[in-house]
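Asks: Kindly generate the corresponding structure for this input.
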Amino acid sequence: MKIKKILVSQPKPSSEKSPYYDICAKYGVEMVFRPFIKVEGLSAKEFRQSKINPADYTAIIFTSRTAVDHFFRLCEELRVKVPDTMRYFCTTESIALYLQKYITYRKRKISFGKTGKLDDEQLVAAMVKNNKEKFLFPISDVNKDNISFLTDKGLDITKSVMYRTVSNDFQPEESLDYDMLVFFSPAGIASLKKNFPDFDQDKEEICIATFGTTTAKAVVDAGLRLDIKAPTPTHRSMPDAIEAFLAENNDKE
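Replies: Predicted structure coming up:
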């Protein structure tokens with residue numbers, strides 16, 4: 001199957017140096033960036049129903065910039081002053097640096113991991129070192145992170161839903177006029193089924209590519225065919241996996 005047009009279910013890259021654009025130039029394909037899902041923050045009224053008060057916590061765990069934004073937004077709406085003594089534990093250095101948007105960056109109050117994962121050895125060690133803290137973990141409504149490996153170490157951690165993932169509705173005139181669809185979350189697959197209930201992958205001859213094991217599983221569970229999967233030992237990123245598929249199926253320009 002020759003691929004000519006690809007829909008990537010993510011926002012358009014901010015840089016022209018994106019590897020997706022390199023693929024377009026190399027293989028003569030068109031890429032359209034159209035998220036199937038979007039994130040909505042809980043209102044202050046909705047959040048109050050959880051009976052969680054951010055002021056009761058002495059440390060915060062952040063796994064994304066989105067979590068950072070919604071934590072500080074809700075604190076402002078709830079008129080909760082985040083104390084200078086608050087400690088922050090982030091899964092990446094980029095998230096840690098992003099905190100500068102809201103606080104004065106003090107290295108002794110901020111820890112981060114190297115791998116981007118919650119179970120990062122360096123990050124876990126920093127949390128255990130501060131095991132007297134009371135941790136708040138802002139998450140989305142679809143978060144399924146297992147934190148038992150942290151609570152088993154005696155850490156006091158409370159998950160707190162602060163934002164939700166919802167389907168990004170397509171307009172009636174929009175169609176799936178693509179040769180490949182690229183997804184990054186199970187919610188994206190759910191949105192596909194919601195927006196296009198009569199979607200017939202074989203009839204429309206559309207390839208599906210996914211990033212992550214849970215997204216791949218969602219494709220299979222939905223009764224669809226998975227054509228490209230990343231990451232793999234040979235293709236660590238989605239662009240790498242797409243390029244390998246095109247190299248095998250498309251002629252270079």
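Asks: just the helices in the chain please.
Replies: With DSSP state H as the criterion, the chain has helices at 19-27, 44-48, 65-77, 93-98, 121-129, 148-151, 186-195, 201-204, 213-221, 238-249.
Asks: which other residues reach the second one?
Replies: When you say that, I think you mean helix 44-48. With CB atoms under 8 Å, 6 or more residues apart in numbering as the contact definition, helix 44-48 has outside contacts at Leu74, Glu77, Leu78, Met162. Using the backbone N, CA and C atoms, a C-beta is placed for each residue, glycine as well.
Asks: One more: the third one?
Replies: Residues from elsewhere that reach helix 65-77, judged by CB under 8 Å, 6+ apart: 39, 41-44, 47, 54, 60, 62, 80-82, 94-95, 98-99, 101-102, 138-140, 162-163.
Asks: picking that back up, list buried residues within the contacts of helix 44-48.
Replies: When the contacts of helix 44-48 are checked for burial by 16 or more other CB atoms under 10 Å, the buried set is Leu74, Met162.
Asks: Show me what the longest strand belonging to the chain is packed against.
Replies: If you go by DSSP state E, the chain has its longest strand at strand 156-167. Where contact means 3 or more CB pairs under 8 Å, 6 or more residues apart in numbering; DSSP states H and E, strand 156-167 is packed against strand 37-41, helix 65-77, strand 134-140, helix 186-195.
Asks: Which one of those lies nearest to Phe112?
Replies: For the helices and strands packed on strand 156-167, proximity to Phe112 was assessed by CB to CB; helix 65-77 is nearest, at 12.3 Å.
Asks: avg pLDDT for that closest one?
Replies: For helix 65-77, mean pLDDT rounds to 96.
Asks: again, but for stretch 93-105
Replies: On average, stretch 93-105 scores 93.
Asks: how about the helices and strands packed on strand 156-167 in JSON lines, adding distance to Pro239?
Replies: Shown next, in JSON lines, are the helices and strands packed on strand 156-167 (distance: least, CB to CB, whole Å):
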{"stretch": "strand 37-41", "distance to Pro239": "20"}
{"stretch": "helix 65-77", "distance to Pro239": "21"}
{"stretch": "strand 134-140", "distance to Pro239": "25"}
{"stretch": "helix 186-195", "distance to Pro239": "17"}
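Asks: quick one on the thing from earlier: the longest strand of the chain pairs with which strands?
Replies: Sheet pairing here is set by DSSP bridges, and for strand 156-167 it gives strand 37-41 (antiparallel), strand 134-140 (parallel).
Asks: Mean pLDDT and distance to Pro172 for those - can I get that in a markdown table?
Replies: Converted to a markdown table, these look like this (pLDDT from 0 to 100; distance: least, CB to CB, whole Å):
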| stretch | mean pLDDT | distance to Pro172 |
| --- | --- | --- |
| strand 37-41 | 92 | 19 |
| strand 134-140 | 97 | 28 |
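Asks: looking at the ones you listed, which is closest to Phe183?
Replies: Nearest to Phe183, of all the strands paired with strand 156-167, is strand 37-41, at 9.5 Å by CB to CB.
Asks: Flag every buried residue along that closest one.
Replies: In strand 37-41, counting by 16+ other CB under 10 Å, buried: Ile37, Val39, Gly41.
Asks: so the first one touches Phe184, yeah?
Replies: This points to Ile37. No - with contacts counted by CB atoms under 8 Å, Ile37 stays clear of Phe184, the gap being 9.0 Å.
Asks: what residues are shared contacts of the two?
Replies: Ser9.
Asks: Roughly how far does the nearest residue to Asp119 once chain neighbours are set aside sit from Phe135?
Replies: Leaving out its chain neighbours, the residue that sits closest to Asp119 by CB to CB, 6 or more residues apart in numbering is Phe149, at 6.0 Å. Phe149 sits at a distance of 14 Å from Phe135 (criterion: CB to CB, to the nearest Å).
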